[in-house]
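Asks: Dropping the sequence and predicted coords here.
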Amino acid sequence: MTFSIKICGLKTPEAVELAVRRGATHIGFIFFAKSPRYVEPMDAARLAEAARGKAKIVSVTVDADTDFLDEIVDQLKPDILQLHGHERVDELLRLKAFYARPVMKAFSIRDADDLARVDPYIGVADRFLFDAKAPKGSELPGGNGVSFDWSLLDALDDDVDYMLSGGLNKDNVADAILKTRCSGIDVSSGVESEPGVKSLDKMNEFFDAAERAIAMRKGPGSLM
Ligand SMILES: O=C(O)c1ccccc1NCC(=O)[C@H](O)[C@H](O)COP(=O)(O)O
């Protein structure tokens, strides 16, 4: 299986172009109004055109209401719905069926109890994304640039397919890839010069570090 690299919170054509050119498998658009990465569905749709068919287009929502989800799906036509709120199992089932798209359920992890909440979603969510809990004072459920104790993930069954996120950057992404069994990594703040502003230099450095670690994970002789 191809290892996934998701760059989240894209807002400019330059960042989308670079992400795709460097081999991002997923690009995420944030539909949470309080986020500095918020984009209108129509703007996200325009940005996504350059990536469609090359990287999976991911819509990131937080307990979004039906009208807003309808608008996002209608305009952006995402390949995957990332649900970053408190969506219940029955809602996941309904959204998957209604929008006929795979769902990636995000969970914020601080301790073992947080991980236990995942169980009912196994076999329902198509994939998981494990992120850190928001620090005190933050209004954002994601995109906070903070990490969590990855060793908690050792408790998961081997068949739980997950992307790892939360505070990843060029300096720790190799450890994320080599010390966990994540099938992908996801970054936002770690490739920004300020909240909501992607840095092309930081994106390049992140891809360089991730590529090296992915090759190491695959073993000697890997051509990626
Ligand atoms: O990025 C946001 O602003 C955001 C807001 C609300 C819900 C989710 C959000 N981000 C979702 C992501 O998938 C981020 O990439 C993930 O949380 C990691 O972010 P970071 O720690 O900044 O790399």
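Replies: Ah, there it is.

Asks: which stretch of helix or strand covers residue 15?
Replies: Using DSSP states H and E, the element containing residue 15 is helix 13-21.

Asks: Quick check: buried residues in that helix?
Replies: Buried residues in helix 13-21, defined by neighbour count with 16 or more other CB atoms under 10 Å: 15, 16, 18, 19, 20. Using the backbone N, CA and C atoms, a C-beta is placed for each residue, glycine as well.

Asks: for stretch 71-86, same thing?
Replies: Those would be 72, 73, 75, 76, 78, 79, 80, 81, 82, 83, 84, 85, for stretch 71-86 by 16+ other CB under 10 Å.

Asks: The fifth one against residue 58, yeah?
Replies: Spelled out, that is residue 78. Yes: between residue 78 and residue 58 there is a contact at 6.0 Å, judged by CB atoms under 8 Å.

Asks: For the ligand, what is the nearest residue in the chain?
Replies: When distances are taken as CB to the nearest ligand atom, the chain reaches nearest to the ligand at residue 143, 2.1 Å away.

Asks: so that residue sits right up against residue 37, yeah?
Replies: Yes: with contact defined as CB under 8 Å, residue 143 reaches residue 37; the gap is 6.1 Å.

Asks: will you turn the buried residues of stretch 71-86 into JSON lines that also has secondary structure, distance to the ligand and pLDDT?
Replies: Rendered in JSON lines, the data for the buried residues of stretch 71-86 read as follows (DSSP: H, G, I helix; E, B strand; the rest coil; distance: CB to the nearest ligand atom, whole Å; pLDDT from 0 to 100):
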{"residue": "72", "secondary structure": "helix", "distance to the ligand": "13", "pLDDT": "98"}
{"residue": "73", "secondary structure": "helix", "distance to the ligand": "17", "pLDDT": "98"}
{"residue": "75", "secondary structure": "helix", "distance to the ligand": "19", "pLDDT": "98"}
{"residue": "76", "secondary structure": "helix", "distance to the ligand": "15", "pLDDT": "98"}
{"residue": "78", "secondary structure": "coil", "distance to the ligand": "13", "pLDDT": "98"}
{"residue": "79", "secondary structure": "coil", "distance to the ligand": "15", "pLDDT": "98"}
{"residue": "80", "secondary structure": "strand", "distance to the ligand": "11", "pLDDT": "98"}
{"residue": "81", "secondary structure": "strand", "distance to the ligand": "12", "pLDDT": "98"}
{"residue": "82", "secondary structure": "strand", "distance to the ligand": "6", "pLDDT": "98"}
{"residue": "83", "secondary structure": "strand", "distance to the ligand": "10", "pLDDT": "98"}
{"residue": "84", "secondary structure": "coil", "distance to the ligand": "4", "pLDDT": "97"}
{"residue": "85", "secondary structure": "coil", "distance to the ligand": "8", "pLDDT": "96"}
